[in-house]
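> I would like the atomic coordinates for the input below:
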Amino acid sequence: MKDIRVFLLSYSNSRALQQAITSLQLIIQRVEGITVIDIPDFLYEVLDTVTFRPEVEYVKLNNNDLGKTLNNYIKEQSCEYVLFLYDQDYLNKNITEEQLGLNSEKNVMTYQYTIKDKIIQRPFLVRTCFLKQNMFFQNNEVPFKEAIIPSWLSLVDPSYVVPESKSFISQLSKDATTNNYEKIKFIEKYRTNLPNSIIKPSIAVMISNYNMADYVGTAINSCFLQSSRPEQILVVDDGSTDESYKVLENWIYDPRFKLLSKKNGGKARALNELIPYIETEFIVELDADDWLDPDAIFVIKNYLINLAEDVAVLYGNLRAWKQMNFGKLKYKGVRKGSQVLNKKELISYTFPLGPRIYRTSSLKENKGFPVIEFEDGRMYEDVSLLNALLEKNRLLYKDFTIYNVREHESSITKKNPSTWSDFLKLLN
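Model prediction:
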């Protein structure tokens, strides 16, 4: 009975791809076909030499989007199961054809993938009908391609999932580079088992978007993929001229999501439009081209529980990524924060102070973000606000890292040549 379609995903070298295809001989009686997705051009010749039956086919990525390509292709499948193998994976001799099945209550079989001290679960065998009903996120909804399938798995009810009974998947080698390890660390948080969810204090996320159609979906989705979700997600589009608003409308179905639109006037004015809608005790500012770790809200709430009343802003460290060509990200490192006690220390901070979690009452008392003369209030709105809050309140640093900064050429700061010294002349 040929009831399994095999997907080989993102193989990067010929030896690993050949090993994977050869290992499928162990379950040949069940394999209806093999589809190879997302491989470099130089591996085409490997597929040309394969004599495996049924035939191996190659599917090109749709706009370099793995999630979209998988969704479109799975819609056309009629076999009962889809089996996933990933770069360097192959089946070992522990497997038998009889093991490849799911009882009526289960939809997904997973296996453990380990890099150093990090362990993630990967979908291995999945019911095709379940995949058709529960589609993968697209590239512009997760920070990097490697997160597409793990983020999907994080939304699957655990009662539908069964781990493999034996270790019948091996890897030819493992990518233990810093870049890949940091991605695995991030992915691991999708399935973190947290203690009882913290209800208090309440927290929201606010985002101002201007022409970030390529990235804002990742920012917003990172709020919805939280292990402990924020009570509100408030977004304002500041007169974008790209496809941003079309992207933002994807979430208007959710009662926690509030979307506003205004004529372009800069980030300070845009964020001020959101302030009347804040119903929570605290609010996190998230840039439209950045994103949160899956456990960010849980971590933040733990620090807020016993926060002193005179603290207006809690902040920590920033994790930096460099946006490369073809949608790839390169890990740059963690920018460790430090305690800021006064204006002098604030203006000498070597990078933007963040992530910034504001006490809502302090933010409203200050009447939001100051709109100063410098660049018509379109630059350094964060410093202007923090400087104003320091007059009556404290800023508090804690050593935590849950915020991801994307460095790219389209950022507002990159495009604006204004000097820091000119700004400081106008800062009160």
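> what about Ile372, which SS state?
coil (DSSP: H, G, I helix; E, B strand; the rest coil).
> My read is that it contacts Lys425, right?
No. If you go by Cβ atoms under 8 Å, Ile372 and Lys425 don't touch, sitting 10.7 Å apart. To be clear about C-beta, it is placed using only N, CA and C from the backbone, and glycine gets the same treatment.
> ok, these two, which is more surrounded?
The neighbour count for Ile372 versus Lys425, taken as other Cβ atoms under 10 Å, is higher for Ile372 (19 against 8).
> Report the separation between that one and Arg378.
According to Cβ to Cβ, to the nearest Å, Ile372 and Arg378 sit 10 Å apart.
> Just the strands from the stretch 101-250 of the chain, written as ranges.
108-115, 118-127, 161-163, 169-171, 203-209, 232-238 (DSSP state E, counting those that start in this stretch).
> quick one, phi/psi of Ile275?
phi -60, psi -40 (degrees, to the nearest 10).
> got it, and the one 3 residues further on?
The phi and psi torsions at Ile278 (degrees, to the nearest 10) take the values phi -70, psi 120.
> Can you report how many residues neighbour the closest residue to it other than its chain neighbours?
With Cβ to Cβ, 6 or more residues apart in numbering as the criterion, Ile278 has its nearest non-adjacent residue at 5.2 Å, and that residue is Thr360. Using other Cβ under 10 Å, Thr360 has 19 other residues around it.
> surely Thr360 meets Tyr277?
No. Between Thr360 and Tyr277 there is no contact under Cβ under 8 Å: 10.8 Å.
> pLDDT on stretch 331-350, on average?
Stretch 331-350 comes out with an average pLDDT of 94.
> Might one say that Ser261 is in contact with Tyr245?
Yes. At 6.4 Å, Ser261 counts as touching Tyr245 under the criterion of Cβ under 8 Å.
> Give me the common contacts of these two.
Counting by Cβ atoms under 8 Å, 6 or more residues apart in numbering, the common neighbours of Ser261 and Tyr245 are Asp237.
> where does the chain have low pLDDT?
Within the chain, the ranges that satisfy pLDDT under 70 run 47-48, 50-53, 192-198, 326, 411-418, 428.
> residues making contact with stretch 60-73?
In contact with stretch 60-73 (Cβ under 8 Å, 6+ apart) are residues 7, 9-10, 35, 37-38, 59, 135-142, 145, 148, 326-327.
> try it again with 6 Å
Residues from elsewhere that reach stretch 60-73, judged by Cβ atoms under 6 Å, 6 or more residues apart in numbering: 38, 59, 135-139, 145, 148, 327.
> Of those, which is the nearest to Leu307?
Distances from Leu307 to the contacts of stretch 60-73, taken as Cβ to Cβ, are shortest for Phe137 (33.4 Å).
> Tell me, how many residues neighbour the closest one?
If you count neighbours by other Cβ under 10 Å, Phe137 ends up with 22.
> check contacts around it.
67, 148, 151 are the contacts of Phe137 under Cβ under 6 Å, 6+ apart.
> just checking, the first one is part of a strand?
Yep, that's Gly67 we're talking about. No. Counting by three-state DSSP, Gly67 is not part of a strand but helix.
> Isn't Phe84 up against Leu8?
No. Here Phe84 lies out of contact with Leu8, judged by Cβ atoms under 6 Å, at a distance of 8.4 Å.
> Of these two, give the one with the bigger neighbour count.
Neighbours per residue (other Cβ under 10 Å) separate Phe84 from Leu8, with Leu8 holding more: 25 against 19.
> Kindly list the main-chain dihedrals of the more buried one?
phi -100, psi 120.
> go on, Lys330?
Note on Lys330: backbone dihedrals following degrees, to the nearest 10 are phi -120, psi 130.
> wait, doesn't it sit right on Ala320?
No. Under the criterion of Cβ under 6 Å, Lys330 makes no contact with Ala320, lying 9.6 Å away.
> When those two are compared, which one has more neighbours?
Ala320 (18 against 14).
> Report the buried residues of the helix or strand harbouring the more buried one.
Using DSSP states H and E, Ala320 falls within strand 311-323. Buried residues in strand 311-323, counted by 16 or more other Cβ atoms under 10 Å: 311-321, 323.
> picking that back up, adding distance to Leu353, write the contacts of stretch 60-73 out as TSV.
Shown next, in TSV, are the contacts of stretch 60-73 (distance: Cβ to Cβ, whole Å):
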residue	distance to Leu353
Asp38	39
Val59	45
Met135	38
Phe136	36
Phe137	31
Gln138	32
Asn139	30
Lys145	31
Ile148	32
Gly327	29
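> just the buried members of those?
Neighbour-count burial (16+ other Cβ under 10 Å) applied to the contacts of stretch 60-73 gives 38, 136-139, 145, 148, 327.
> Closest one of the residues you listed to Ile203?
Phe137 (23.5 Å).
> Against Leu225, how distant is that closest one?
9 Å.
> now do Tyr277
From Tyr277 to Leu225 the distance is 22 Å (Cβ to Cβ).
> same thing with Ser104?
Distance from Ser104 to Leu225, by Cβ to Cβ: 29 Å.
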